[in-house]
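In: Predicted model and sequence follow; I will ask about them next.
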Amino acid sequence: MTNSLYRGRFAPSPTGDPHLGTLIAAVASYLQARSKSGEWLLRIEDVDTTRRVTGSDSAIMSTLERLGFEWDQEVTWQSRRTEQYQQALEQLMAEERVFPCTCSRKLLAQTAGEISGVYPGTCRSNRLPLAHPHAIRLRVDDIMIHFDDAVSGEYRQSLVDECGDFVIKRRDGLFAYQLAVVVDDALQGITEVVRGADLLDSTPRQIFLQRCLGYSQPDYVHLPLILDPQGRKLSKSEGAAELNADKPAASLHKALAHLGQQPPLALMHAGVTDIWQWALENWEIGKIPTTHAAW
Ligand code: GLU
Ligand code: ZN
């Protein structure tokens, strides 16, 4: 049993076959945790049950097992944690931080500010309870959020100008990812979040939510994305083709290479134990490239 201050996690969404992007986040978060003798938790992020693909969670878990990952504690499923999210929502309601938003998608598209997606504040003065179907938004403060990312460097975002009041519970009754991930990271005592750079611009919202809920702020590591030769984010199907659980060493080798670790070629044909041993001994977060790399 490890008993240390560091606690990391890997939090895939079960929306399809595991792909190379999934593996890269898994490998980096795992090596960060293990190199600090910390714990590594696995959380299935299926809060958006409308996007859940049947069998995807077990496919992710069996791929991880075949590649030699070992997680601590029981796996958690967001779809079973509604009570925790509801409690957080009630806390925000009690502090009058939230309001019901009845805007339709069409209205939002017409009224959005210059940066698309910025909520114009239309429903700010609405009060709960409200009979009409509605989403629940968190009222943001006019502040600049900044944090130091261990790979991407300093990141700044004005919540009002670049984001606006954001949805924490959807019109269809599901809790939003932003709320779920913040509650889970806090209640699970996560000290560092390692994930893909596609979530970099969500992080200021999450930090703001942490402050509203009185949670402490974890450290952040956002990993470069894999681009196809045209500079687009590698699609899920292309990425899935690059991950072959029948060839664990080759798949892990690819992920390590993308993470700038320069694994020796010979390890491509090594056993899983050997490649993990090499990876752990040689892991250097400073080698992770800061720019997205073409595959
Ligand atoms: N579930 C998210 C995804 O698979 C990751 C969220 C996170 O790591 O915070 O893209
Ligand atoms: Zn509204």
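Out: Structure's in. What do you need? Numbers count the residues shown, from 1 in each chain. Ligands and ions are numbered 1, 2, ... in the order given.

In: Which stretches in the stretch 1-150 of the chain count as strands?
Out: Ranges of strands within the stretch 1-150 of the chain are 7-10, 39-44, 76-77, 98-101, 135-138, 144-149, based on DSSP state E, counting those that start in this stretch.

In: element containing the residue most central in space within the chain?
Out: Of all residues in the chain, the one closest to the mean position by CA atoms, centre = their mean is R195, 5.5 Å from it. For R195, the element it lies in under DSSP states H and E is strand 192-196.

In: returning to what we had before: my read is that the residue nearest to the centre of the chain contacts A25, right?
Out: Yes. At 5.4 Å, R195 counts as touching A25 under the criterion of CB atoms under 8 Å. C-betas here are computed from N, CA, C, even on glycine.

In: Identify the contacts common to these two.
Out: Contact criterion CB atoms under 8 Å, 6 or more residues apart in numbering; residues bridging R195 and A25 by contacting each: L223.

In: What is the neighbour count of the closest residue to D48 other than its chain neighbours?
Out: With CB to CB, 6 or more residues apart in numbering as the measure, L174 is the residue that lies nearest to D48, at 6.2 Å, once sequence neighbours are left out. The number of residues packed near L174 is 17, by other CB atoms under 10 Å.

In: Just the pLDDT for L174.
Out: Looking at L174, its pLDDT stands at 98.

In: sorry, back to before: ok, the residue nearest to the centre of the chain to R43 distance?
Out: Plainly put, R195 is 11 Å away from R43 if you go by CB to CB, to the nearest Å.

In: How about S116?
Out: The separation that S116 has from R43, given CB to CB, amounts to 30 Å.

In: Pull out the buried residues from stretch 135-148.
Out: Buried residues in stretch 135-148, counted by 16 or more other CB atoms under 10 Å: A135, I136, R137, L138, V140, I145, F147.

In: just stretch 160-168 next, same as before
Out: V160, E162, C163, G164, D165, F166, V167, I168.

In: Just list whatever residues bridge to the residue in the stretch 51-200 of the chain that ligand 1 sits nearest to.
Out: Using CB to the nearest ligand atom, the point where the stretch 51-200 of the chain gets nearest to ligand 1 is R195, with a distance of 3.5 Å. Using DSSP bridges, the bridge partners assigned to R195 are H222.

In: per-residue confidence at it?
Out: For R195, the pLDDT comes out at 98.

In: pLDDT-wise, which helix or strand of this structure ranks last?
Out: Of all the helices and strands that make up the chain, the one with the lowest confidence by mean pLDDT, DSSP states H and E is strand 293-294; it has a mean of 65.

In: got a list of contacts for the host helix or strand of F208?
Out: In the assignment (DSSP H and E), F208 maps to helix 203-213. Contacts of helix 203-213 with the rest of the structure, by CB under 8 Å, 6+ apart, involve 88, 91-92, 95, 97, 138, 140-141, 143, 145-147, 149, 155, 157, 159, 163, 166, 168, 178-179, 181-183, 185-186, 215-217, 220, 222.

In: ok, it near ligand 1 or not?
Out: No. Helix 203-213 lies out of reach of ligand 1 by CB under 6 Å from any ligand atom, never closer than 8.0 Å.
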